[in-house]
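> Quick one: sequence and predicted model below, then my questions.
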Amino acid sequence: MLGIFRRSSSGMNRARFEREVLACLPDLYRSASAMLGQPADAEDLVHDTCLKAFAGFDQVSLENTPACQGWLRKILVNSFRDRYRRERRSPIRDIDAHSSGDEDSVIELAMSLEPLPEDRLAELGFAHALDLVLGAMPPEVRTVAVLHMVNGVAYKDIATITDCPIGTVMSRIARARKVLRKHLRHHFDGQALTSKHQEKGT
Amino acid sequence: MTHSDNPDTEEDLAIEEKIRKHYATVNPSAQLYERIQRGVKSETLPRYSRRTWATVALCASILMVAVLVMLPVSKQTTQVSGDSLAAILINELHTYSISGRHLDVINSDPIGVQDWFKTRVAFYPPRPVTNPPHLTLAGGRLCNIKNRRVVSYMYDDNGTPISLYILDNTKNPALTETPRHGLHGYNYVAWTHSGLRFSLVGPVRETRLNEIAQSLQAKL
């Protein structure tokens, strides 16, 4: 009897989960896609996120869609961090071999490695160039940049999602903007960037 | 903060608007919805089998600790075999089988299954062999073993799951391999080909598993 009740309750839970969480899937997938670049990796990350969300679904009270989105984004960001840490431990990859100092020095170092020659980026389409530029950012910078620039999440909410002080969020977004300006301005020929630049020069 | 670091410059706004527009066109595939729904469905299956397994595992662990304490001489042997790839893969498939977990990709088309793995592992996965004797390709699972991504092609042998695990042989010196037969009722056959290590695992008789392995090897 108890088993039947449990099964029925979990069935209702699943229906509610599918109604509320799967509605946020496009938003989650966009974040994952921008963070990881590869569609297959993005699908795996979103899949893991949704299963983790389902495991804890009956323990959270989500008042509305924005609350649900915030909760899912937090799980997504944590899953992304776990994945990145796991890959750093993996013998296949030697990601971030330089990361021995504090966070700021690591970010500065990663930003100064100049892995993306500007003339080569100019030849690529915007989407491809954007993937390369985002992929070259340190994961913590990439995370906040994606949440703000792709999903339009406010600084305050990013601070909650990433468990960072708002000042750190702002400084990371400023760093991301600097890199994006530097590498993507070729894709705005004759538009806002050039005219703004000319104004500064005169 | 310099003028160019100001977040509200026209440059930044133009770039961010373009980024947002670009990603607004990026949408998840129907396959992803189906995969998540399958995953969620398998999570809502009755849990008694998992609880039973957890109890058995707990008892086995206690028993193993007791044996290790009482027989220090045999300790080293147990640790070595526990680390062997064969034991890891057998445990992986056994855990999968009793947990009622779902496949990551359900497809009997070998090209579709191969394509799914192509962008998910660091090596080129061979196309799954179809029509080994009385065996059907059910799909695949992406496994994570010792922080490495491993391909698992799942076959169905009259309702019995058989897994062909494939991992890059050249980058995996840490994994030792000790043939294991009969663990949890599973058997294990392994071979290497073109720099890849193939491990066939299933709860079937050794002769049957060897027959399947020979058929797979001949067609790879």
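It's in.

> For residue A:186, grab the count of nearby residues.
Number of residues near residue A:186 (other Cβ atoms under 10 Å in any protein chain shown) recorded here: 16. Bear in mind the C-beta positions are built from the backbone N, C-alpha and C, glycine included.

> secondary structure class for it?
Under DSSP: H, G, I helix; E, B strand; the rest coil, the three-state class of residue A:186 is helix.

> Give the ranges of residues in chain B that sit below the confidence cut-off.
B:1-8, B:44-54, B:56, B:67-83, B:171-182 (pLDDT under 70).

> From the centroid of it, which residue is nearest?
residue B:143 (2.7 Å; Cα atoms, centre = their mean).

> wait, what's in contact with the residue nearest to that residue when sequence neighbours are not counted?
Nearest residue to residue B:143 in three dimensions, chain neighbours excluded: residue B:150, at 4.4 Å (Cβ to Cβ, 6 or more residues apart in numbering or on different chains). Counting by Cβ atoms under 8 Å, 6 or more residues apart in numbering or on different chains, residue B:150 makes contact with B:121, B:142-144, B:165-167.

> redo that, cut-off 7 Å
For residue B:150, the contacting residues are B:143, B:165-167, by Cβ atoms under 7 Å, 6 or more residues apart in numbering or on different chains.

> Which secondary structure element is home to it?
Element membership for residue B:150, per DSSP states H and E: strand B:148-157.

> in its sheet, what does that strand sit against?
Within its sheet, strand B:148-157 is paired with strand B:136-145 (antiparallel), strand B:160-168 (antiparallel), according to DSSP bridges.

> Take the ones you listed and lay them out in a markdown table including distance to residue B:117.
Output for those, formatted as a markdown table (distance: least, Cβ to Cβ, whole Å):
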| stretch | distance to residue B:117 |
| --- | --- |
| strand B:136-145 | 6 |
| strand B:160-168 | 9 |
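
> Out of the ones you listed, which is the most enclosed?
strand B:160-168 (a mean of 21; mean count of other Cβ atoms under 10 Å in any protein chain shown).

> now the angle between strand B:160-168 and the helix or strand just after that one, please.
Using DSSP H and E, the next helix or strand after strand B:160-168 towards the C-terminus is strand B:187-193. Strand B:187-193 and strand B:160-168 are oriented at 30 degrees to each other (axes from the mean of the first three to the mean of the last three Cα atoms, to 10 degrees).

> just to revisit the earlier point, may I see the contacts of residue B:150 arranged in JSON lines, with distance to residue B:184 as well?
Below are the contacts of residue B:150 laid out as JSON lines (distance: Cβ to Cβ, whole Å):
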{"residue": "B:143", "distance to residue B:184": "17"}
{"residue": "B:165", "distance to residue B:184": "16"}
{"residue": "B:166", "distance to residue B:184": "22"}
{"residue": "B:167", "distance to residue B:184": "21"}
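
> near chain A, which residues of chain B show up?
B:1, B:5, B:7, B:10-12, B:14-16, B:18-20, B:22-23, B:26-28, B:32-33, B:35-37, B:39-41, B:43-44, B:46, B:119-120, B:122, B:147-148, B:171 (Cβ under 7 Å from any Cβ of the partner chain).
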